[in-house]
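Colleague: make a model of this:
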Amino acid sequence: MQPFRHLYLHIPFCRHKCGYCDFNAYARLDGLMEPYVAALERELGSAARRLPFGPLSTVYFGGGTPSLLPAESIDRILELIRGGFDLSPDAEITLEANPASTDSAKLSAWRRAGVNRLSIGVQGFDPRALAVLERRTDGSQARRAVRQAREAGFTNLSIDLIYAVPFQKVESWQDTLRQAIDLGPEHLSCYCLTIEEGTPLHRRRTEGRLPAVDPDTQWAFLERCQSELTGAGYRRYEVSSWSRPGLESLHNQSYWSCRPVYGAGCGAHSYSRSGDSSQRWWNWSRPQDYISKADFVEDGETLTPRLAAAERLLLGLRTTAGVVAPDGFAEELSRLEAAGLIETDGERVLPTRRGLDLHNQIALEVL
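Modeller: All right, here's what the predicted structure looks like:
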């Protein structure tokens, strides 16, 4: 088994679960925070004893809303990681933060604890789009969070935005992009809204209370995204990600490169490789089960060599760097190239601009 050099920590707590969210996140469970952190520490200790870990290059606190945890809990978890693992001195340590649960004291504490990258869930500046998403934040909170993060010493900030929200206009999206650019983040992730079954937004659309956003309109939003961000000096390096040169998300690149990642916390997924064999396993989803079960793992699977290769190809083609073409996909790659979705550069296959924009068509062909 190849050693793990990337660590994901899932923090499931939220103050309010937004209407579009289908992540493993839970509101009104603050009373479980302390036993949850204790369970997380037990899992990390067990993993360090049982599994091979190399020097950790990235640590990522995701959720949920990790910024809801007391700052001392973040410090405590990072101290355990330093004591139980080999944490590289220049490791990228990211924490996802909601502007509403971010303040100067927390930001300073996170920075002292070793967090050196923030991913701030802004999602938008248009009040109507935020209302549709059921986001309980606004632009002023986002601007305050970014200002305070800079004052606390953070030099690597990422902002998340969502487009193609029902009732959203392309012009308001352009204004959102320009407000985000004015904040000067090093990285932006711009996601096309996907309304997942089982979410409040899905129920509202099924009931006819929300209009569908047609593909042409989604394309117009993406075009505006590309023109505004590229014009401001950001480089698109992945389907939904733009950054200043050299400030791409190292942790997310580990997923797109199919490197081994250990996921700790409820519902977290781990991925490992050994030769041609790949395994994936996942923890109990409900925080109560995760805390109480003797074994943190709920289930797992072994990927066939064909499926593992398909995943490496599919994920590699999410990035402008592309991927070395695996054996056995010549026909699929030929069709993708004929459709103008990929191009070749020696042994590597790369997505074209059209391939980045229409990555779902690449996924359908490869899988």
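Colleague: number of nearby residues for residue 301?
Modeller: 11 (other CB atoms under 10 Å). In this view, the C-beta of every residue, glycine as well, is placed from N, C-alpha and C.
Colleague: in the sheet, who's paired with it?
Modeller: residue 280 (DSSP bridges).
Colleague: how much space is there between it and residue 267?
Modeller: Using CB to CB, to the nearest Å, residue 301 is found at 16 Å from residue 267.
Colleague: mind checking pLDDT for the residue most central in space within the chain?
Modeller: Most central in the chain under CA atoms, centre = their mean is residue 252, positioned 6.7 Å from the mean C-alpha point. Residue 252 is assigned 97 on the pLDDT scale.
Colleague: go on, residue 313?
Modeller: For residue 313, the model assigns a pLDDT of 95.
Colleague: list the residues that contact it.
Modeller: 323, 325, 326, 329, 349, 366 (CB atoms under 8 Å, 6 or more residues apart in numbering).
Colleague: so it versus residue 251, what's the distance?
Modeller: From residue 313 to residue 251 the distance is 21 Å (CB to CB).
Colleague: next one: residue 2
Modeller: 17 Å.
Colleague: next: residue 106.
Modeller: Residue 106 is 21 Å from residue 251, by CB to CB.
Colleague: cool, and residue 306?
Modeller: Relative to residue 251, and taking CB to CB, residue 306 is found at 27 Å.
Colleague: and those two? Which one has more around it.
Modeller: residue 251 (22 against 12).
Colleague: what's the helix or strand for the closest residue to residue 367 other than its chain neighbours?
Modeller: Leaving aside its sequence neighbours, residue 367 sits nearest to residue 310 (CB to CB, 6 or more residues apart in numbering; 5.8 Å). Using DSSP states H and E, residue 310 falls within helix 305-316.
Colleague: buried sites along that helix?
Modeller: Across helix 305-316, burial judged by 16 or more other CB atoms under 10 Å covers 308, 309, 310, 311, 312, 313, 314, 315, 316.
Colleague: residue contacts, the second one?
Modeller: Residue 309 sits next to 326, 327, 328, 329 when contact means CB under 8 Å, 6+ apart.
Colleague: spit out the contact partners of the closest residue to residue 302 other than its chain neighbours.
Modeller: Excluding the flanking residues, the one nearest residue 302 by CB to CB, 6+ apart is residue 279, at 5.4 Å. Counting by CB under 8 Å, 6+ apart, residue 279 touches 271, 272, 273, 300, 301, 302, 303.
Colleague: ok, and the closest non-adjacent residue to the fourth one?
Modeller: Meaning residue 300. Residue 300 sits nearest to residue 281 (CB to CB, 6+ apart), 3.0 Å away.
Colleague: where along this structure do the helices fall?
Modeller: Listed in chain order, the helices of the chain (DSSP state H) span residues 33-50, 71-84, 104-113, 127-133, 139-151, 170-182, 200-206, 215-231, 250-256, 287-292, 305-316, 330-338, 353-357, 359-366.
Colleague: ok, residues contacting the last one?
Modeller: When you say that, I think you mean helix 359-366. 239, 310, 313-314, 317-318, 329, 332, 335-336, 339, 341-342, 351, 355.
Colleague: re the thing from before, which of the helices of the chain sits closest to residue 26?
Modeller: helix 287-292 (6.3 Å; CB to CB).
Colleague: distance from the closest one to the middle of the chain?
Modeller: 23 Å (CA atoms, centre = their mean, to the nearest Å).
Colleague: contact partners for the residue nearest to residue 285 when sequence neighbours are not counted?
Modeller: Distances taken as CB to CB, 6+ apart place residue 267 nearest to residue 285, at 4.2 Å, with adjacent residues excluded. By CB under 8 Å, 6+ apart, the residues touching residue 267 are 10, 12, 24, 282, 283, 284, 285, 290.
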